[in-house]
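**Student:** Provided below are the primary sequence and the corresponding predicted coordinates.
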Amino acid sequence: MSIKIGIIGFGTVGSGTVKILFENQALIKKRLGCPLVVKKIAVRDLSLPRRIAVPEGLLTTDVEAIIKDPEIKIVVELIGGIEPARTYILKALEAGKHVVTANKAVLAEHGRELFAAAAERGVDIAFEAAVGGGVPIIKTLKESLAGNRILSLVGIVNGTCNYILTRMTEEGLAFETVLKEAQEAGFAEADPSLDIEGWDAAHKLAILASLAYGTEVPLDRIYVEGIRDIEPLDLSFARELGFVTKLLAICRETGEGLEVRVHPALIREDHVLSSVRMAYNAFYIRGDAVGDILLYGLGAGQMPTGSAVVSDIVDLARNVLAGASGRVPPLSYQMAALSSQPLKPMEDVVCRYYFRFSAIDRPGVLSKIAGVLGEKGISIAAVIQKGREEKGSVPIVMLTHEAREAAVREALARIDHLDIVTAPTKILRIEEG
Ligand code: NDP
Ligand code: HSE
């Protein structure tokens with residue numbers, strides 16, 4: 001007896017998955033109790049060079065043949081994007097196959113439809129690799145923390161952005177140079193704007209928030225800001241002030257609804273997430289019973305992500321052997337218990353802020369800016385003003401005490417129209433939790 005699987009996609013993650021299945025075949029058999037056999041791997045173009053060698057005849061361009069093959073019990077979708085991935089997953093589920101996917105985009109946008117199709121057909125859909133690469137965050141939320149109310153989850157969830165911010169901060173490298181390296185290393189999405197504009201992190205946060213809170217989080221209700229506009233000057237000011245800059249995905253239970261947001265943020269150098277560098281991801285979770293826990297590891301790349309995909313394949317293969325399905329609900333809550341919890345509008349979020357004003361170097365400038373902030377109830381915690389620049393404009397950096405986002409937006413709209421201000425103010429939020 002063996003369990004046959006079909007894989008759609010043989011790029012970064014597909015090749016890592018197959019390499020692990022081949023190299024650790026004997027070990028996996030000992031854990032599972034029977035061999036896992038890769039019956040077919042679908043690609044777009046058979047003539048392309050491959051990262052690992054596979055036996056003659058294993059590759060195909062015929063995805064339908066995999067989906068219809070009665071011997072194949074588990075279909076693994078690793079092509080990415082919305083279509084045709086969504087259609088292939090639906091067809092595989094309808095054909096009674098269990099499905100493994102690493103595709104956070106399709107889950108964030110069409111999760112409900114896919115999970116409902118799986119439930120209807122009595123099969124499972126597993127997606128450990130969709131968030132955190134090799135870090136087992138999905139199983140942790142679904143299984144290990146099943147007894148906890150999740151109070152907050154703050155994550156560094158995009159390897160590409162963390163890699164770019166780390167190298168810009170530590171080596172002063174240019175954004176475009178480091179992005180190119182992340183693409184060459186296989187971390188970045190096929191469309192890297194998903195990474196740098198924060199949407200990949202938002203896809204992952206939508207999944208995490210659903211798992212943690214049993215609520216649907218539509219993508220357009222998540223506040224999303226990427227790292228494209230981050231300037232080296234702000235990274236170095238942040239450092240001077242004792243902070244590091246990270247793209248954070250945050251969900252937090254508050255008395256006024258769920259906060260769900262993705263944006264670059266300053267965290268203190270001694271914060272537990274500050275030492276998460278390069279393509280590493282981390283998830284800092286607070287549960288009411290467990291307290292604080294931290295999961296850390298490589299969030300992208302061929303082998304770490306392949307490791308997560310293989311863990312799902314083994315999990316589903318165990319279900320096949322046990323004749324079981326639906327034992328652990330895909331979003332951790334029973335489908336009927338999923339609710340639509342209120343989300344806190346970004347305007348109501350309260351945190352500390354970093355501002356960098358660009359202003360003419362003239363007496364009275366600081367008091368004009370401080371005056372507007374004071375009118376909006378924003379209190380200043382620290383100020384740094386640097387020497388004159390050639391164009392006659394100086395950066396003025398301020399840290400605030402806690403302020404409401406709406407007040408900050410109103411204040412900055414006024415400040416940016418003052419005749420002494422020469423460029424739009426740069427703002428970064430400070431995350432202290
Ligand atoms: P790649 O672009 O490296 O690989 C995609 C693969 O899919 C290629 O082999 C391609 O074929 C194949 N493919 C694309 N379209 C089709 C199609 N219509 N029919 C058949 N095959 C097709 O992507 P990744 O491996 O990087 O990503 C795969 C998934 O994993 C995505 O959802 C991604 O978001 C997710 N992911 C990626 C991580 C990473 O580190 N890269 C980490 C975590 C998740 P061909 O080779 O012939 O072009
Ligand atoms: N592009 C993603 C990242 C891949 O950089 O984190 C892992 O999901």
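**Tutor:** Thanks, I have the structure now. Ligands and ions are numbered 1, 2, ... in the order given.

**Student:** At which residues are the helices of the stretch 1-150 of the chain located?
**Tutor:** In the stretch 1-150 of the chain, the helices defined using DSSP state H, counting those that start in this stretch lie at 12-23, 25-32, 63-68, 85-94, 104-121, 137-139.

**Student:** which one of those lies closest to residue 177?
**Tutor:** Among those, the nearest to residue 177 by CB to CB is helix 12-23 (20.7 Å). For the C-beta atoms, the positions are set from N, CA and C on the backbone; glycine is no exception.

**Student:** Give the buried residues for the closest one.
**Tutor:** For helix 12-23, the neighbour count (16 or more other CB atoms under 10 Å) marks 12-21 as buried.

**Student:** What average pLDDT does that helix get?
**Tutor:** The average pLDDT within helix 12-23 is 98.

**Student:** same for the lengthiest helix in the chain, what does it pack against?
**Tutor:** Looking across the chain with DSSP state H, the single longest helix is helix 302-322. In terms of contacts (3 or more CB pairs under 8 Å, 6 or more residues apart in numbering; DSSP states H and E), helix 302-322 is packed against strand 3-8, helix 12-23, helix 25-32, strand 36-42, strand 72-77, strand 98-101, strand 125-126.

**Student:** what does the third one rub up against?
**Tutor:** I take that to be helix 25-32. Residues from elsewhere that reach helix 25-32 (CB atoms under 8 Å, 6 or more residues apart in numbering): 3, 21, 35-36, 310, 314, 317-318, 321.

**Student:** Which one of the residues you listed is nearest to ligand 2?
**Tutor:** Nearest to ligand 2 among these is residue 310, at 16.0 Å by CB to the nearest ligand atom.

**Student:** was I right about that closest one contacting residue 17?
**Tutor:** Yes: assessed by CB atoms under 8 Å, residue 310 is found in contact with residue 17 at 6.0 Å.

**Student:** Pick the most buried one from the helices and strands packed on helix 302-322.
**Tutor:** strand 98-101 (a mean of 28; mean count of other CB atoms under 10 Å).

**Student:** Pull it out as CSV, backbone CA atoms only.
**Tutor:** The C-alpha trace of strand 98-101 is given here as CSV (Å, rounded to 0.1, in the frame of the first residue of the first chain):
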residue,chain,number,x,y,z
HIS,A,98,-7.5,16.2,-0.3
VAL,A,99,-5.7,19.4,-1.2
VAL,A,100,-2.5,21.0,0.1
THR,A,101,-1.7,24.5,-1.0
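
**Student:** Paired strands for that strand, with orientation please.
**Tutor:** strand 72-77 (parallel), strand 125-126 (parallel) (DSSP bridges).

**Student:** So which of those is nearest residue 64?
**Tutor:** Closest among these, using CB to CB: strand 72-77, at 11.4 Å.

**Student:** who's in contact with the closest one?
**Tutor:** Here strand 72-77 makes contact (CB under 8 Å, 6+ apart) with 3-9, 14, 17, 39-40, 66-67, 85, 88-89, 92, 97-103, 309, 313, 316-317, 320.

**Student:** Any figure for the gap between residue 197 and ligand 2?
**Tutor:** From residue 197 over to ligand 2 the distance is 12 Å, taken as CB to the nearest ligand atom, to the nearest Å.

**Student:** Who are the contact partners of the residue lying closest to that residue once chain neighbours are set aside?
**Tutor:** Spatial nearest neighbour of residue 197, excluding adjacent residues (CB to CB, 6 or more residues apart in numbering): residue 226 at 3.8 Å. Counting by CB under 8 Å, 6+ apart, residue 226 makes contact with 161, 195-199, 247, 262, 264.

**Student:** closest to ligand 2 among these?
**Tutor:** The closest of the contacts of residue 226, once distances to ligand 2 are taken by CB to the nearest ligand atom, is residue 195, at 4.9 Å.

**Student:** so which strand or helix has the closest one?
**Tutor:** Here residue 195 is covered by helix 193-196, with elements defined by DSSP states H and E.

**Student:** Just confirm yes or no for that helix near ligand 1.
**Tutor:** No: using CB under 6 Å from any ligand atom, helix 193-196 stays clear of ligand 1, coming no nearer than 8.2 Å.

**Student:** Now do the SS call for the residue of the chain positioned farthest from its centre.
**Tutor:** Distance from the C-alpha centroid of the chain peaks at residue 363, with 45.0 Å (CA atoms, centre = their mean). When classified by DSSP: H, G, I helix; E, B strand; the rest coil, residue 363 comes out as coil.

**Student:** Backbone dihedrals for it, both of them.
**Tutor:** phi -60, psi 140 (degrees, to the nearest 10).

**Student:** That one and residue 369, how far apart?
**Tutor:** As for residue 363, its distance to residue 369 is 13 Å (criterion: CB to CB, to the nearest Å).

**Student:** And for residue 258?
**Tutor:** 34 Å.

**Student:** Show the model's pLDDT score for residue 386.
**Tutor:** On the pLDDT scale, residue 386 gets 74.

**Student:** for residue 216, same thing?
**Tutor:** 89.

**Student:** count of residues packed around it?
**Tutor:** Using other CB atoms under 10 Å, residue 216 is surrounded by 16 other residues.

**Student:** Wait, it touches residue 210, no?
**Tutor:** Yes: assessed by CB under 8 Å, residue 216 is found in contact with residue 210 at 6.4 Å.

**Student:** which residues do the two both contact?
**Tutor:** residue 338.

**Student:** Output the below-cut-off pLDDT ranges for this structure.
**Tutor:** Where the chain drops to pLDDT under 70, the residues are 387-391.

**Student:** and with 90 instead?
**Tutor:** Scanning the chain for pLDDT under 90 picks out the ranges 216, 335, 339-340, 361-363, 385-393, 433.

**Student:** the domain parsing of it - what is it?
**Tutor:** The record's domain parsing of the chain by automatic domain parsing lists 3-133+302-337, 137-298, 347-430.
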